[in-house]
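In: Okay, structure incoming, though there's no sequence with it:
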């Protein structure tokens, strides 16, 4: 008999899979384990990506994330799922890029042609790029464009971005250390240590498995939305993995939970607890991991979180539901953490919010005064 989960139970399971209810204990390799556990953290906004790691760990500081990326090189910033920037565990970069890179390069062909990035230009550019970045060199976009121009390859505007993104999707480059707050690019083969190697079919199975472990309960369309890969690319792997998973229902919709999470199903039915309060940054993977966000975000508040244009605001989440937005403001040199709740917050939630605010302050290494505005719904 298929287990029917309430919305609240489904959200608690998702919080657990996302490392938001049981957080990773701080250690030297915690950042890489958190990143691996959710199969990548959206990273178009570098500070938001670091805050996403912080939300899933204890006593994580901003320099812990940067040290993991630049000194330990246990995580890597590059383009991957949905063709967008992510932090990935270094050991996962190879097989994830092999799955996603060719798909998003193919999807961008028309844009490449519009920008003058034909196959010959890109091939010549890749040769110059490999030579310029050899022997551990790290160059900014402007420096790379200058090297390309010296070899007769003229790029400007969006062509610069798309050329480097294409090279990253091919596995040629990834992001290296920042220089005076400017990101640099390095050769991926020199920067990233050897990781997992597998066939394309095995990589598809691994992707489905990782997705269910980090995002369940979820369905096939959720996986397709999160990954950005064509449904036909993943259907066989989904069927194979789902046949060994646990089928549940969330309302009337079928979904699946990874077999390893079976004990969690019992916990969400019997466990009494304090509210789980999270301050999630912009573009957090908890909100990006599903085709339909309505389980998390009530329709009447949706525009406050995702107003359009690809924007996804930092979100206050209580027991898995979006309960407000938040931001960091600087006033007269002092930092404020400003919260806009959607509805009145019970005392227990406010207590959890104060704890979350203190964790954000600790992460930033700077005290922040919390300001809670009156709720939208009054």
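Out: Arrived safely, thanks for sending. Everything numeric here is computed off the predicted structure, so don't read it as measured data.
In: Near residue 299, how many other residues are there?
Out: 8 (other CB atoms under 10 Å). For every residue, glycine as well, the C-beta is placed using N, CA and C.
In: Same question for the one 5 residues further on.
Out: Using other CB under 10 Å, residue 304 has 17 other residues around it.
In: Could you list the low-confidence segments of the stretch 201-350 of the chain?
Out: 270-272 (pLDDT under 70).
In: surely residue 98 meets residue 200?
Out: Yes - judged on CB atoms under 8 Å, residue 98 makes contact with residue 200 at a distance of 6.8 Å.
In: ok, and the closest non-adjacent residue to residue 286?
Out: residue 18 (5.2 Å; CB to CB, 6 or more residues apart in numbering).
In: Oh, that last question was meant for residue 60, not what I typed.
Out: residue 54 (4.5 Å).
In: which parts of stretch 274-282 are buried?
Out: 276-282 (16 or more other CB atoms under 10 Å).
In: same check, this time on stretch 100-115
Out: Buried residues in stretch 100-115, defined by neighbour count with 16+ other CB under 10 Å: 100-101, 103-105, 108, 112, 115.
In: hmm, back to that, tell me how far the residue nearest to residue 60 lies from residue 307.
Out: Distance, residue 54 to residue 307, by CB to CB, to the nearest Å: 25 Å.
In: again with residue 354
Out: Distance from residue 354 to residue 307, by CB to CB: 28 Å.
In: Show me the contact partners of the biggest strand by length in the chain.
Out: Secondary structure assigned by DSSP state E gives strand 321-331 as the longest strand of the chain. By CB atoms under 8 Å, 6 or more residues apart in numbering, the surrounding residues in contact with strand 321-331 are 11, 279, 287, 296-298, 301, 304-305, 313-317, 335-343, 345, 349, 360, 368, 375.
In: from the chain's centre, how far out does that strand sit?
Out: 19 Å (CA atoms, centre = their mean, to the nearest Å).
In: Within the sheet, what are the partner strands of the next helix or strand after it, with directions?
Out: Later in the chain than strand 321-331, the nearest helix or strand by DSSP states H and E is strand 334-341. Take DSSP bridges as the rule and strand 334-341 pairs in its sheet with strand 321-331 (antiparallel), strand 368-372 (parallel).
In: Mind checking what helix or strand follows the helix or strand where residue 128 lies in sequence?
Out: Element membership for residue 128 (DSSP H and E) is helix 119-132. Using DSSP H and E, the helix or strand that follows helix 119-132 in sequence is strand 139-140.
In: and that next one, what does it pack onto?
Out: Under the contact definition 3 or more CB pairs under 8 Å, 6 or more residues apart in numbering; DSSP states H and E, strand 139-140 sits against strand 184-187.
In: where along the stretch 151-300 of the chain do the helices fall?
Out: 158-169, 188-191, 200-215, 220-227, 231-242, 262-270, 285-288 (DSSP state H, counting those that start in this stretch).
In: between these, which one is nearest to residue 68?
Out: helix 188-191 (13.3 Å; CB to CB).
In: Tell me, what's the model's pLDDT at residue 191?
Out: At residue 191, the model reports a pLDDT of 96.
In: what's the neighbour count on it?
Out: 22.
In: ditto for residue 94
Out: Neighbour tally, residue 94, other CB under 10 Å: 19.
In: Would you list the phi and psi of it?
Out: The phi and psi torsions at residue 94 (degrees, to the nearest 10) take the values phi -60, psi -50.
In: Spatially nearest residue to residue 284, not counting backbone neighbours?
Out: Nearest to residue 284 is residue 52, by CB to CB, 6+ apart, at 5.3 Å.
In: ugh, typo on my part, it should be residue 50
Out: residue 65 (4.2 Å).
In: That neighbour sits in which helix or strand?
Out: helix 62-66.
In: Am I right that residue 165 is in contact with residue 84?
Out: No - Residue 165 lies out of contact with residue 84 (CB under 8 Å); the separation is 9.8 Å.
In: who touches both of these two?
Out: Common neighbours of residue 165 and residue 84 (CB under 8 Å, 6+ apart) do not exist.
In: Residue 247 versus the closest residue to residue 216 other than its chain neighbours, what's the distance?
Out: Spatial nearest neighbour of residue 216, chain neighbours left out: residue 257 (4.4 Å); criterion: CB to CB, 6+ apart. Per CB to CB, residue 257 is found 8 Å from residue 247.
In: Repeat that for residue 90.
Out: 34 Å.
In: ditto for residue 169
Out: Residue 169 is 35 Å from residue 247, where distance means CB to CB.
In: the more surrounded of these two?
Out: residue 169 (22 against 13).
In: what does whichever helix or strand the residue nearest to residue 284 is part of contact?
Out: For residue 52, the element it lies in under DSSP H and E is helix 46-54. By CB under 8 Å, 6+ apart, the residues outside helix 46-54 that reach it are 31, 34-35, 41-43, 60-62, 65-66, 77, 86-87, 183, 280-285, 314, 359-360, 363.
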